[in-house]
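1. pasting the sequence and the predicted coordinates here, then a few questions.
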Amino acid sequence: DHHHGVGGIKTAGTSSTIKVWNTSKGVQTTTLHVSGGLSSFGRSNTQQNMILTCDMGGGLVVGGSTDKTCRVWNLQTSRMIHQLVGHGHKVTCARLLPHLKSVLTGSADR
């Protein structure tokens with residue numbers, strides 16, 4: 001993926017953040033925070049939420065998490081612009097399809 005025309009990678013983990021890295025310079029360029037939001041039960045969700053998967057493209061970053069949601073951030077502003085709710089289990093796969101303006105998510109839902 002590319003961030004501002006420079007090769008970049010993104011990482012996710014148990015800190016409820018996604019970090020975007022400039023691979024040319026070996027430095028972190030952005031940290032995206034889960035920053036609360038709503039859990040699938042409508043309560044504030046600021047603890048014990050881990051980002052399990054992430055993807056980047058078209059100026060956006062998506063992250064699937066243990067709170068059964070997928071979040072979408074604007075990479076330029078670092079602001080969360082959508083929280084997608086609908087899974088019954090943690091979201092273990094999230095992929096951006098910028099050319100279709102869509103997000104694919106996967107979970108252990110039945």
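-> Yep, that arrived.
2. can you report how many residues neighbour the closest residue in space to residue 49 that isn't next to it in sequence?
-> Leaving aside its chain neighbours, residue 49 sits nearest to residue 67 (4.7 Å; criterion: CB to CB, 6 or more residues apart in numbering). For the C-beta atoms, the positions are set from N, CA and C on the backbone; glycine is no exception. Neighbour count for residue 67, taken as other CB atoms under 10 Å: 24.
3. what's the answer for residue 83, then?
-> For residue 83, using other CB under 10 Å, the count is 17.
4. could you say which helix or strand holds the spatially most central residue of the chain?
-> Against the mean C-alpha coordinate of the chain, by CA atoms, centre = their mean, the closest residue is residue 63 at 2.0 Å. Per DSSP states H and E: residue 63 is located in strand 60-65.
5. ok now that strand, how far from the chain's centre?
-> Distance, stretch centre to chain centre, for strand 60-65: 2 Å (CA atoms, centre = their mean, to the nearest Å).
6. and for that strand, what's in contact with it?
-> For strand 60-65, contacts defined as CB atoms under 8 Å, 6 or more residues apart in numbering pick out 10, 12, 16, 18, 20, 32, 34, 49-56, 70-75, 81, 90-96, 98, 103, 105-107.
7. could you give the mean pLDDT of it?
-> Taken as a whole, strand 60-65 has an average pLDDT of 91.
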